[in-house]
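**Q** 3D model of this:
(2 chains)
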Amino acid sequence: MISFYNTLSGEVEEFKPRLAGQASLYTCGPTVYDYPHIGNYRAYIFEDLLKRFLLFSDFKVTHVMNITDVDDKTIRGANSLGMPLYEYTKKYTEAFFEDIKTLRILPADYYPRATEHIDDMVRMIKGLLDKGYAYIKDGSVYFSLAKFPDYGKLSKINKDELKAGARVETDEYEKESVYDFVLWKKAKPGEPVWETEFGPGRPGWHIECSAMSTRYLGPNFDIHCGGIDNIFPHHENEIAQSEAFYGQKFVNYWLHCHHLVVDGEKMSKSKGNFYTLRDLLARNIDPVDLRFFLLSTHYRKMLNFTFDNLEQAKASRQRIIDFLYELEHQSLAEASQPESEPLAAAALTNFKESLADDLNISAALAALFELIRGTNSRLAKSQLSRQAANQVLAAIYQMDQVLAVLPEKKEEELTAEIMKKIEQREQARLEKNFALADSIRQELLQQGIMLEDTKEGVRWKKIK
RNA sequence: GGCGCGGUACCCAAGUGGCUAAGGGAGAGGUCUGCAAAACCUCGAUUCGUCGGUUCGAGUCCGACCCGCGCCUCCA
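**A** Numbering: from 1, shown residues only, chains lettered A, B, ... in the order given. Okay, here's the model as predicted:
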C-alpha cells in the first residue's frame, strides 16, 4: 500500500489511482524568466522521487509539467532587453532542460507552453463566463469567488476572513471584490496580445495551469504537486476554475513540498544567499551530491541548505560509492551452491515500504545503509560469497532506480600520463621507496586523484 | 488577525503509546596497512524545547507556555 499526505484532507491517505496501475501527475513547472534556483530544484527533485517511486512500484505514469512563458516577469524581462518574448523565454527554457538533465530528473511526458495553449485557456474562460462564474470588467475577465462556495478547501482559508493583517492588494485592475482573481488581462501597450471574443489581452497565471493540466490529463486526475507557497492562492484558484468549469473534482491528491532555506533564512538576492544550480557548479559542486542532499530530507520538512550540510551529504553518498567499489572489485569465493541473500531482500523490502509511507526517505536510506554495514561486516569476516555480493549489488542498483545518485556504470578514464604516475608509484612501493611513492601520491592528490591501496591493488578516485 | 510548519546527541535526521530512542556526518579508542585511505569492532542522547495532565506505560496523546520559521501579493 502506498500512502501520501494529501494537503486537501490534511492527512496521510492511501493512494488509490483513478485507473489501476496508472498515475496521472501534474507538476508546476518553471516560469522561464531567469535561471531557476536550488529551491526550485528541491521541488523538482521531490517530484522526481515521487515519480521514480511510482515507476518503481510498477505504475505507468503520465507526467505533465508546464512551462510558463507568458506572465508579468517574462514580459518585463523581455521588454527590458528589447527582445521578443519568445526569444527571451527560449534561453531560460533551454537552461531549465539542461539543469534537470544535470540533476538526473526524469523528463516529463509533456512540457506544454502557456503560449501554445491560449486556445484552451480562452475556451475555459469563455465557459466560466457562460456559466456565470466569471465577469468582465474594464476589459479584463475575473473569477468571482462569491460564486464558488468551496473556495478555500485546499488552503483552509476562509474567504470571508481574508482581511485584517493581510496586505490588501492594490491592483491596477478593477474588480468587484479584492479577492477575485484575474483570468484574462486586458491588452496593455508593450505586452503580447491575443484576440478573443471577450477582448484582446493575455491569460492570467492561474488559468494556464488549469487549462494545460486538464488538456493532457483530463478534468480529473490523480496527483498535483508544487511548492508549499503555491497552495494559496495558485492551487486554490486552479481548483476554483477547474471545478467550476468541469463541474467535477479536479485533483485527487495534492502533494506539496516545503521550502528550502539557506543558512536558516529564505533565499533572496539581497541577502546574498541565493544560488542557482549554475552558481554551485561554478564552485565545483558535484550536481549529484546536490541531488542527494536535496533528496535526503523528507519533502514536507523545511530543508536548510548550507555548504556544511552539503558536505555531509557528499560524505554520506561517498560511503555508498566506496562500498559498491569494494564489492565489485573484491575477489570473492563462489558459493558451493546457489544461495539467496537475506540481507539484500530485507533491505529492499524496507526501502520500498519506507517510501510507500509518504516517501519516508530517511527510513529508506537507513535501510540502504544497514545493508551496507551488514554486508561490510560479513565481508570483513570473509563470510560473503560472490553470489551473495552480486545480490547485494543488484539490490542497491535497484534502489538507485529511485534515488539516481550512483555514479554512471562506465569507468571514468584517466590520462595516460596519470596512469604512468600510478605505475611509477607501484614500482616505488615494490622497491620500498616509500618517500617517492608518497610524493607521487601527494602529487596526484593535488590533481584531484586520490589513491587507495587495497588488497586487490591500487584504487583511484576523483575528488573535488 | 487567519492558516500552517518545526524544536530528538556536536551537526543532519527517522521514530506519533510499549522490547536497550533508526540511519548518516563529524569525533574518540582499537584492528588492518610501510604510511595514508577505505573497511570492520567499540564508545557516544537514562533522554526527545519548558511546565503540567491522561495512562500500568509518552519523544509519541491532552493543555498551557517559550523559541524559530513559512504563507495570507502571479515566489518551488
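
**Q** ok, A:A364 touching A:D358?
**A** No. With contacts counted by C-beta atoms under 8 Å, A:A364 stays clear of A:D358, the gap being 11.3 Å. Using the backbone N, CA and C atoms, a C-beta is placed for each residue, glycine as well.

**Q** quick one, which of the two is more surrounded?
**A** Set A:A364 next to A:D358 and count neighbours by other C-beta atoms under 10 Å: A:A364 wins out with 25 against 19.

**Q** Just name whatever secondary elements the helix or strand that contains that one is in contact with.
**A** Take DSSP states H and E as the rule and A:A364 turns out to sit in helix A:361-380. Helix A:361-380 is packed against helix A:307-329, helix A:342-356, helix A:386-403, with contacts defined by 3 or more C-beta pairs under 8 Å, 6 or more residues apart in numbering; DSSP states H and E.

**Q** Figure out which of those helices is closest to A:K153.
**A** Shortest distance between A:K153 and the helices and strands packed on helix A:361-380, using C-beta to C-beta, is found for helix A:342-356: 26.7 Å.

**Q** Could you tell me the angle between that closest one and helix A:361-380?
**A** 170 degrees (axes from the mean of the first three to the mean of the last three C-alpha atoms, to 10 degrees).

**Q** what angle do helix A:342-356 and helix A:386-403 make?
**A** Using the same axes, to 10 degrees: helix A:342-356 against helix A:386-403 is 10 degrees.

**Q** Could you give me the buried positions within helix A:342-356?
**A** A:343-344, A:347-348, A:350-352, A:354-356 (16 or more other C-beta atoms under 10 Å).

**Q** Mind checking if the helix or strand harbouring A:A428 is in reach of RNA strand B?
**A** Using DSSP H and E, A:A428 sits in helix A:416-430. Yes. Contact of helix A:416-430 with RNA strand B (C-beta under 7 Å from any atom of the strand) involves A:R429.

**Q** Are we agreed that A:V12 is in a helix?
**A** No. Counting by DSSP: H, G, I helix; E, B strand; the rest coil, A:V12 is located in no helix; its state is strand.

**Q** Show the contacting residues for the nearest residue to A:E197 once chain neighbours are set aside.
**A** Using C-beta to C-beta, 6 or more residues apart in numbering and skipping the chain neighbours, the partner closest in space to A:E197 is A:K126 (7.0 Å). Neighbouring residues of A:K126 by C-beta atoms under 8 Å, 6 or more residues apart in numbering: A:196-198.

**Q** Return the member of the buried residues of helix A:342-356 nearest to RNA strand B.
**A** When these are compared for distance to RNA strand B (C-beta to the nearest atom of the strand), A:S354 wins out at 7.4 Å.

**Q** if we can go back for a sec, where does the residue nearest to A:E197 land in three-state SS?
**A** The local conformation at A:K126, judged by three-state DSSP, is helix.

**Q** Tell me how far it lies from A:Y133.
**A** Separation of A:K126 from A:Y133 (C-beta to C-beta, to the nearest Å) stands at 11 Å.

**Q** give me the beta-bridge partners of the residue of chain A found nearest RNA strand B?
**A** Ranking the residues of chain A by distance to RNA strand B (C-beta to the nearest atom of the strand) places A:G227 first, at 1.5 Å. Counting by DSSP bridges, A:G227 is bridged to A:C257.

**Q** contacting residues for it?
**A** A:G227 neighbours (C-beta under 8 Å, 6+ apart): A:28, A:39, A:43, A:256-257, A:259.

**Q** now, which of these sits nearest A:D180?
**A** A:C28 (21.9 Å).

**Q** Can you tell me the closest non-neighbouring residue to that closest one?
**A** Closest residue in space to A:C28, ignoring its immediate chain neighbours: A:G226 at 4.0 Å, by C-beta to C-beta, 6+ apart.

**Q** Can you list the neighbours in contact with the helix holding A:A364?
**A** With contacts defined as C-beta under 8 Å, 6+ apart, helix A:361-380 is touched by A:49, A:295-299, A:319-320, A:323, A:326-327, A:330, A:343-344, A:346-348, A:350-351, A:354-355, A:357, A:384, A:388-389, A:392, A:395-396, A:399, A:402.

**Q** Just the CA coordinates for it, please, in PDB.
**A** What follows is helix A:361-380, C-alpha atoms only, in PDB (Å, rounded to 0.1, in the frame of the first residue of the first chain):
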ATOM      1  CA  ILE A 361      13.300   8.900   2.600                       C
ATOM      2  CA  SER A 362      15.200   8.800   5.900                       C
ATOM      3  CA  ALA A 363      13.900   5.400   6.700                       C
ATOM      4  CA  ALA A 364      14.600   4.300   3.100                       C
ATOM      5  CA  LEU A 365      18.200   5.400   3.300                       C
ATOM      6  CA  ALA A 366      18.600   3.800   6.700                       C
ATOM      7  CA  ALA A 367      17.600   0.500   5.000                       C
ATOM      8  CA  LEU A 368      20.300   1.100   2.400                       C
ATOM      9  CA  PHE A 369      23.000   1.900   5.000                       C
ATOM     10  CA  GLU A 370      22.000  -1.100   7.100                       C
ATOM     11  CA  LEU A 371      22.500  -3.300   4.100                       C
ATOM     12  CA  ILE A 372      25.900  -1.700   3.600                       C
ATOM     13  CA  ARG A 373      27.000  -2.200   7.200                       C
ATOM     14  CA  GLY A 374      25.700  -5.700   7.400                       C
ATOM     15  CA  THR A 375      27.400  -6.700   4.200                       C
ATOM     16  CA  ASN A 376      30.700  -5.000   5.100                       C
ATOM     17  CA  SER A 377      30.700  -6.800   8.300                       C
ATOM     18  CA  ARG A 378      30.400 -10.100   6.600                       C
ATOM     19  CA  LEU A 379      33.000  -9.100   4.100                       C
ATOM     20  CA  ALA A 380      35.400  -8.300   6.900                       C
END
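
**Q** Only the buried residues of that helix, if you could.
**A** Applying a neighbour-count criterion of 16+ other C-beta under 10 Å, one finds A:361, A:364-365, A:367-368, A:371-372, A:374-376, A:378-379 buried in helix A:361-380.

**Q** among the residues you listed, which are in reach of RNA strand B?
**A** A:365, A:372, A:376, A:379.

**Q** Need the pLDDT of the last one.
**A** Spelled out, it's A:L379. If you check A:L379, the pLDDT there is 86.

**Q** The one 4 residues further on too?
**A** Among the per-residue scores, A:Q383 shows a pLDDT of 84.

**Q** Need the three-state assignment for it.
**A** Per three-state DSSP, A:Q383 ends up coil.

**Q** Please report the distance of it from A:R373.
**A** 14 Å.

**Q** And A:K51, by the same measure?
**A** Taking C-beta to C-beta, one finds A:K51 at 29 Å from A:R373.

**Q** and what of A:L49?
**A** Relative to A:R373, A:L49 is positioned 24 Å away (C-beta to C-beta).

**Q** Also A:P112?
**A** From A:P112 to A:R373 the distance is 46 Å (C-beta to C-beta).

**Q** The stretch 201-350 of chain A: helices as residue ranges?
**A** A:205-217, A:236-246, A:277-282, A:287-295, A:307-329, A:342-356 (DSSP state H, counting those that start in this stretch).
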